[in-house]
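*Asks:* Make a model of this:
(one chain, ligands or ions: 1)
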Amino acid sequence: MIPKDSEPLQTVVRLSDVRKDFGDYSALDGVGLEIRAGESVAVMGPSGSGKSTLLNLLSGLDRPSAGSVVVCGQDLGKLTEKELALFRRRRIGMVFQFFNLLDDLPALDNVVLAGRLVGLKAGPARRRAMELLDQLGIADRQDVYPASLSGGERQRVAVARALMNRPALLLADEPTGALDSRSGDSVVELLTEVNRQGQTLVVVTHDRRLAARCARRVVDVVDGRIAGEHIAEQVTAHGREQAR
Ligand SMILES: Nc1ncnc2c1ncn2[C@@H]1O[C@H](COP(=O)(O)OP(=O)(O)OP(=O)(O)O)[C@@H](O)[C@H]1O
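*Replies:* Predicted coordinates:
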C-alpha cells in the first residue's frame, strides 16, 4: 500500500553524482535522483540523451563510472556480478518494448520461470504466476505460446513476469512502443493500476501522453543530465487536463 502523506516514504532509489562513460564519451554526468516507495516516475528526453543508460543503472544491468546507485538501501556498485544478478532477479521487475518473452514457453511458464530463478518451488511459483495472470486478465491464455498472443497480451504476460517476485522497483522501457493504440491504452491502465496498488514505477518513454497517463512525476534527461522535473499533467483520451 502507498503510505499516507503524513507517513515518511521509504527511499527506493538514490542516485548521487552519477557519471557513466562509454570510452571518452559521458552518456550521463552529475546525475542525482531520488525515488520513493509508491512513486510513479516518467523519464523523458530526446533520443541519445541517456534515458536507457539511466534505466540500465537503476536495474543493475550496468554500473556507474563514478558516483553511487543505491536501490533499496543496497549500493549496487559494491555487489559482485553474481550478487548483482540475484539482486536484479529478486528486487527489479523489467518490462521492455519488445516483451522479451521466451518463445518456446507458454505464457504461464514464462511467468513461473522468473520465480524458479530465485529459488521458488514449482507449486508456489505456479500458484503465484496463475494469480498474476488472473489479476491481469489473461488467465485463459496461460497455455498459449507468445507467437499466438496479441501484442497487448504479450505485454501483460511480461508485466506478470516482472511482478512475479514482488519487485521493489518496476522499470518499463517504452512499454507501449510496439503496440497499437488500443493495446497500448490497456497496458497503460494496467501499469497505472499496479502503481495505484503501491508498486514503485519508473517508465522511460518518448511519449508525453504515456508519461502523463502513468506517471505523476516527469524527469527530463537532456545531454546526459537531469534538466528538470515537473508534476505530470493529467491527459485523458479526450485531451489535456489540469496537473494532478
Ligand atoms: N554501450 C554503449 N557504448 C557506447 N556508447 C553508448 C552505449 N550505450 C549508449 N551509448 C551512447 O550513450 C548515449 C546515450 O544513449 P542512451 O541509449 O542512454 O540514450 P536514450 O536517451 O535512451 O536514447 P533513445 O531514446 O534513442 O533510446 C548515446 O549517445 C549512445 O550512443
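
*Asks:* alpha carbons only for contacts and neighbour counts from here, please
*Replies:* Noted.

*Asks:* Please work out the average pLDDT along stretch 11-22.
*Replies:* Averaging pLDDT along stretch 11-22 yields 96.

*Asks:* and it, which residues are buried?
*Replies:* T11, V12, V13, R14, L15, S16, D17, V18, R19, K20 (16 or more other CA atoms under 10 Å).

*Asks:* Format these as TSV; extra columns: distance to the ligand and secondary structure.
*Replies:* Output for the buried residues of stretch 11-22, formatted as TSV (distance: CA to the nearest ligand atom, whole Å; DSSP: H, G, I helix; E, B strand; the rest coil):
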residue	distance to the ligand	secondary structure
T11	24	strand
V12	21	strand
V13	18	strand
R14	19	strand
L15	16	strand
S16	18	strand
D17	17	strand
V18	13	strand
R19	11	strand
K20	9	strand
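
*Asks:* Tell me the residues on this protein that lie near the ligand, please.
*Replies:* F22, A27, P46, S47, G48, S49, G50, K51, S52, T53 (CA under 6 Å from any ligand atom).

*Asks:* And those residues, which two are furthest apart?
*Replies:* F22 and P46 (18.5 Å; CA to CA).

*Asks:* continuing past the longest helix along the chain, what's the next helix or strand?
*Replies:* Determined from DSSP state H, the single longest helix within the chain is helix 181-196. With elements assigned by DSSP states H and E, the helix or strand that comes after helix 181-196 is strand 201-204.

*Asks:* how about the helices in the chain?
*Replies:* According to DSSP H, the helices that the chain contains are 51-58, 81-91, 107-116, 122-135, 151-163, 181-196, 208-214.

*Asks:* Give me the most central residue, the chain.
*Replies:* Closest to where the C-alpha atoms of the chain average out (CA atoms, centre = their mean) is L171, at 1.2 Å.

*Asks:* Quick check: pLDDT value at that one.
*Replies:* 96.

*Asks:* ok, it to V111 distance?
*Replies:* 17 Å (CA to CA, to the nearest Å).

*Asks:* about what we covered before: what's the PyMOL line that selects buried ones from the residues of the chain next to the ligand?
*Replies:* Buried members of the residues of the chain next to the ligand, defined by 16+ other CA under 10 Å, are picked up in PyMOL with:
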select buried, resi 27+49+50+51+52+53
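
*Asks:* Go through the residues of the chain next to the ligand and flag which are in strands.
*Replies:* F22, A27 (DSSP state E).

*Asks:* tell me the phi and psi of the residue nearest to G151 when sequence neighbours are not counted?
*Replies:* Closest residue to G151 apart from its sequence neighbours, by CA to CA, 6 or more residues apart in numbering: L179 at 6.0 Å. For L179, the backbone dihedrals are phi -110, psi 150 (criterion: degrees, to the nearest 10).

*Asks:* Number of residues surrounding L179?
*Replies:* Other residues near L179 number 19, with proximity taken as other CA atoms under 10 Å.

*Asks:* That one reaches E153, doesn't it?
*Replies:* No: counting by CA atoms under 8 Å, L179 sits too far from E153 to count as a contact (10.2 Å).
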